[in-house]
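Have a look at this prediction, sequence included:
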Amino acid sequence: MKRLVCLLLAMLSLPLTAAQKQPNILFIFSDDHALQAIGAYGSKLNQTPNIDRIAREGMLFRNSFCANSICGPSRANILTGKHSHVNGFRRNGDRFDGSQWTFPKELQKAGYQTAVIGKWHLETDPTGFNYWEILPGQGSYYNPDLIQMDGKRRRYTGYVTDITTDLAVEWLKSGRDPAKPFVLMAQHKAPHRDWSPHPRHFGRYKLGTIPEPETLFDDYAGRSKLLQEQEMTIANDFFWGHDMKFQGENQFPEHFRGGLSMGEYARMNAEQRATWDAYYGPENQKFIADMKAGKLAKDDVTRWKYQRYMHDYLGSVQAVDDSVGRLLDYLDESGLAENTVVIYSSDQGFYLGEHGWYDKRWMFEESLKMPFLIRWPGKIKAGTESRALIQNIDYAPTFLEMAGLPAPPEIQGRSILPVLRGEGRAPAGWRDAIYYSYYENDAVHEVAQHDGVRTERYKAFFFPRTREWQLFDLEKDPQEMKSLHADPAHQPILAGLQQRHRDLKKFYDVNFAVIPATRGDEDWWKQRDRAKREQAREGGFELVFIGDSITQGWEGAGKEIWAERYAPRKALNLGFSGDRTEHVIWRLNYNQMGPNRPKAAVVMIGTNNTGHSMQDPEEVAAGVKRILELLAEKSPQTKVLLLGVFPRGQSPFDPGRLNNLGINQRIRRFADGDRVHYLDLSGSFLEADGTLSKEIMPDYLHLSPAGYQRWADAIEPSLKQLGL
Ligand code: CA
């Protein structure tokens, strides 16, 4: 009996003890807020006294990074503690799989009250929250709609940053169970494009007074040519209405993009419009008059645009700072401050004119960095700073450890609590480098896909499209104006960083051969993709060839044989020159085969995974496997004739040839005697001594007409067997 009483007492006291120990977490999060616009980070542009207060009373992180510098993906990194390729949200437009593990779910299970208010931007409804109220998509600054938990939209009159704050305070006051600890994610739209300040901040940072960055007129010399391809410059890529806040028709099309009006203005009521016009009208009229008088040269216009952009951006930031102040005040008034961890962060950084840019995406410092300021009374020494390398995948395990919960082993981030306890010093064995990967090529702003590593001093990243490395010494070249990848003196450093890059990819399970990738940022590829989709929509194709340039070559060197053998059988050529497995996966994922359910698909892919980066055969085989899975999903009745990757290189000891052999010895195992059939055609192409002849493969990679003849002859019996 005594033991039973003890047990009961223990059970009763457990939740109480836990509740006392477990801190509340107030996560204040904004969108696109760059470090350069935060006082505590040394802003030369603006003042943010309330955000700075968190640094003064807590810790500021100098080396805080995102894993993928774009809105939705960063949010998914935070919720899951995992990189984008693992949580599945690689680019805006993806849909977050809310059935997966997230930290709010875990904390909710452990008795926390959880809420998210404001910007969400993950396409699917929030899961793991006791309360949520979110902006649809990007949301609006003026009179925003918010999606309610029942799916209905409610329109609020007023300014989004203030409304988000009101709702957050309201939830803290009366929306939660005060007996339980809480996690509140108060997530602002601001200062995201189309930067629209509240009238109380009009003119706070006046046109013509805002310091310009040194690199406003960057010419991108000394770095990859891909930097010139982007469409995110202040000089050329601002819209007349949407970005620069002019009304009516674009009057200077040589300086401004037209066609996208100011959506916020359309949402305003008469009173709001009058206030808006009273401020913007005279400035706009003066600019137009100066232009008409010929007073402004091209660079003067760029400078004016920068000033207008910064006025609006910094004004939008100012309301976020007000919000932080109100939330901190409420914690003080309510007595919650003592046991509440407060964090201020933003989904990634932003270019405030550096390199002539606005927006984000690139692995350069301004957009790679995330602000991270944290206050935890009694646990974090006030006014401390850390240079430890932290990343947004660390937030989830950090929150779990704060709540006394273990992190599941599949979480990729690390709890930063040891850094907090160590007054900002990284403990022994802390990470020496972060891994970064950006996937949203073929989208607005035309930034090429790239991934890389950053250490305390160096940064190296890789563009798969041009197979170029970039290397920067951040100590000597903090503005990243010259890549040292080709500098002989820096070869050992580049090699070391490349090794870390390879290893970190292994560590985080990054296998590009299986991660769907588009090449839609290359015009010919995009056009071919469009043409093939149109062709596929006709339907009725019985046979599909899927692969790279060697398959595409049926339209070139193999044309006549194709016309004779395959055209009569309604065959579709889905060969794309230069494609690797990941591109085929993208094409199948996005249904390039259309409504067709062919009798057979001939698949031959992987030699570019070898040729471009000598990718590990195990990884390439996984890519081929994924292609087979996708074919099974899209068209289960289609039989697959999987061909071994053709031999390449003249010699039997050509490294590329050997890599292809490694792929083939793995993929032949995918044959199942029913749906998937495997055939190795190397015997049809190789000479008796194992060499390749120029007659069959003139460049030792692509087939001649005679080569295509041999290919056709070799697969004919199998095609017949498969019902063609
Ligand atoms: Ca963002």
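On my side now, so go ahead. Numbers count the residues shown, from 1 in each chain.

and the residue in the chain that the ion sits nearest to, how many residues sit next to it?
Residue nearest to the ion within the chain: residue 71 (3.6 Å; CB to the ion). C-beta: built from backbone N, CA, C; applies to glycine. Per other CB atoms under 10 Å, the neighbour tally for residue 71 reads 20.

Quick check: it vs residue 242, distance?
Look at residue 71 and residue 242: by CB to CB, to the nearest Å, they are 17 Å apart.

Next: residue 128.
Computed as CB to CB, the residue 128 to residue 242 distance reads 35 Å.

For the stretch 251-400 of the chain, just list every one of the helices.
Using DSSP state H, counting those that start in this stretch, the helices of the stretch 251-400 of the chain run over residues 263-267, 270-292, 298-334, 365-368, 395-402.

Would you reformat those helices as JSON lines and include mean pLDDT?
Below are the helices of the stretch 251-400 of the chain laid out as JSON lines (pLDDT from 0 to 100):
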{"stretch": "helix 263-267", "mean pLDDT": "96"}
{"stretch": "helix 270-292", "mean pLDDT": "98"}
{"stretch": "helix 298-334", "mean pLDDT": "98"}
{"stretch": "helix 365-368", "mean pLDDT": "98"}
{"stretch": "helix 395-402", "mean pLDDT": "98"}
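
Using TSV, lay out those together with mean neighbour count.
TSV is the format used below for those (neighbours: other CB atoms under 10 Å):
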stretch	mean neighbour count
helix 263-267	16
helix 270-292	14
helix 298-334	21
helix 365-368	24
helix 395-402	23
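
Please dump those into a markdown table; it should also carry distance to the ion for every row.
Shown next, in a markdown table, are those (distance: least, CB to the ion, whole Å):
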| stretch | distance to the ion |
| --- | --- |
| helix 263-267 | 18 |
| helix 270-292 | 24 |
| helix 298-334 | 13 |
| helix 365-368 | 9 |
| helix 395-402 | 15 |
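
So for residue 188, which of the ones you listed sits nearest?
Closest approach to residue 188 among the helices of the stretch 251-400 of the chain (CB to CB): helix 298-334, 5.4 Å.

Between helix 270-292 and the closest one, find me the angle.
150 degrees (axes from the mean of the first three to the mean of the last three CA atoms, to 10 degrees).

rewinding a little: backbone torsions only: list them for the residue of the chain closest to the ion.
The phi/psi pair for residue 71 (degrees, to the nearest 10) reads phi -60, psi -70.

Distance of it relative to residue 121?
5 Å.

which neighbours do those two share?
With contacts defined as CB atoms under 8 Å, 6 or more residues apart in numbering, the residues adjacent to both residue 71 and residue 121 are residue 92.

Show me where the stretch 501-650 of the chain dips below the pLDDT cut-off.
Applying pLDDT under 70 to the stretch 501-650 of the chain picks out no residues at all.

about what we covered before: just list the residues touching the residue of the chain closest to the ion, thanks.
31, 32, 92, 121, 192, 347, 348.

does the fifth one really touch residue 31, like I thought?
Just to be clear, that refers to residue 192. Yes - counting by CB atoms under 8 Å, residue 31 is a contact partner of residue 192 at 4.1 Å.

neighbours around residue 596, how many?
With other CB under 10 Å as criterion, residue 596 counts 22.

surely it meets residue 572?
Yes - under the criterion of CB under 8 Å, residue 596 makes contact with residue 572 at 6.9 Å.

Common neighbours of the two, please.
536, 541, 544.

In CSV, list those residues along with neighbour count, distance to residue 144 and secondary structure.
CSV is the format used below for the shared contacts of residue 596 and residue 572 (neighbours: other CB atoms under 10 Å; distance: CB to CB, whole Å; DSSP: H, G, I helix; E, B strand; the rest coil):
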residue, neighbour count, distance to residue 144, secondary structure
536, 18, 41, helix
541, 21, 48, coil
544, 25, 47, strand
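
could you pull out the strands for the stretch 401-550 of the chain?
In the stretch 401-550 of the chain, the strands defined using DSSP state E, counting those that start in this stretch lie at 433-438, 450-455, 458-463, 468-473, 543-547.

doesn't residue 78 fall inside a helix?
Yes - Residue 78 forms part of a helix when assessed by DSSP: H, G, I helix; E, B strand; the rest coil.

Residue 192 and residue 31: which has the busier surroundings?
Looking at residue 192 and residue 31 with other CB under 10 Å, you find the greater number of neighbours at residue 31, namely 26 against 23.

how much space between residue 339 and residue 254?
59 Å.

Look at the two and report which has more neighbours.
Ranked by neighbour count (other CB under 10 Å), residue 339 and residue 254 place residue 339 first, with 17 against 8.

neighbours of residue 410, just the number please.
Burial of residue 410 is recorded as 11 neighbouring residues (other CB under 10 Å).

show me what contacts it?
82, 101.

For residue 372, give me its contacts.
Applying CB under 8 Å, 6+ apart, one finds that residue 372 lies in contact with 60, 61, 64, 343, 344, 345, 390.

one more time with 7 Å
61, 64, 345, 390 (CB atoms under 7 Å, 6 or more residues apart in numbering).

next one: residue 510
Neighbouring residues of residue 510 by CB under 7 Å, 6+ apart: 85, 437.

Would you mind finding the most buried of the strands of the stretch 401-550 of the chain?
strand 543-547 (a mean of 25; mean count of other CB atoms under 10 Å).

Neighbouring strands - and their directions - for it?
With DSSP bridges as the test, strand 543-547 is paired with strand 571-575 (parallel), strand 600-604 (parallel).

re earlier: can you select the buried ones among the contacts of residue 372 for me in PyMOL?
Buried residues within the contacts of residue 372, by 16 or more other CB atoms under 10 Å, are selected in PyMOL with:
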select buried, resi 61+64+345+390
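
could you list every residue that touches residue 382?
Residues near residue 382 by CB under 7 Å, 6+ apart: 56, 57, 58.

Try it again at 6 Å.
residue 57 (CB atoms under 6 Å, 6 or more residues apart in numbering).

The closest residue to residue 148 other than its chain neighbours sits in which helix or strand?
In space, and not counting its chain neighbours, residue 148 is closest to residue 154: 5.7 Å by CB to CB, 6 or more residues apart in numbering. Per DSSP states H and E, residue 154 falls inside strand 153-155.

Who are the packing partners of whichever helix or strand comes after that strand?
For strand 153-155, the following helix or strand on the C-terminal side (DSSP H and E) is helix 160-170. On a contact count with 3 or more CB pairs under 6 Å, 6 or more residues apart in numbering; DSSP states H and E, helix 160-170 meets strand 113-118, helix 298-334.

got the ones you listed as a markdown table, with distance to residue 717 columns?
Output for the helices and strands packed on helix 160-170, formatted as a markdown table (distance: least, CB to CB, whole Å):
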| stretch | distance to residue 717 |
| --- | --- |
| strand 113-118 | 60 |
| helix 298-334 | 66 |
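
Would you tell me which of these gets closest to residue 674?
Nearest of those to residue 674, taken as CB to CB: strand 113-118 at 47.5 Å.

and the closest one, anywhere near the ion?
No - legend: contact between strand 113-118 and the ion by CB under 5 Å from the ion is lacking; minimum distance shown is 12.8 Å.
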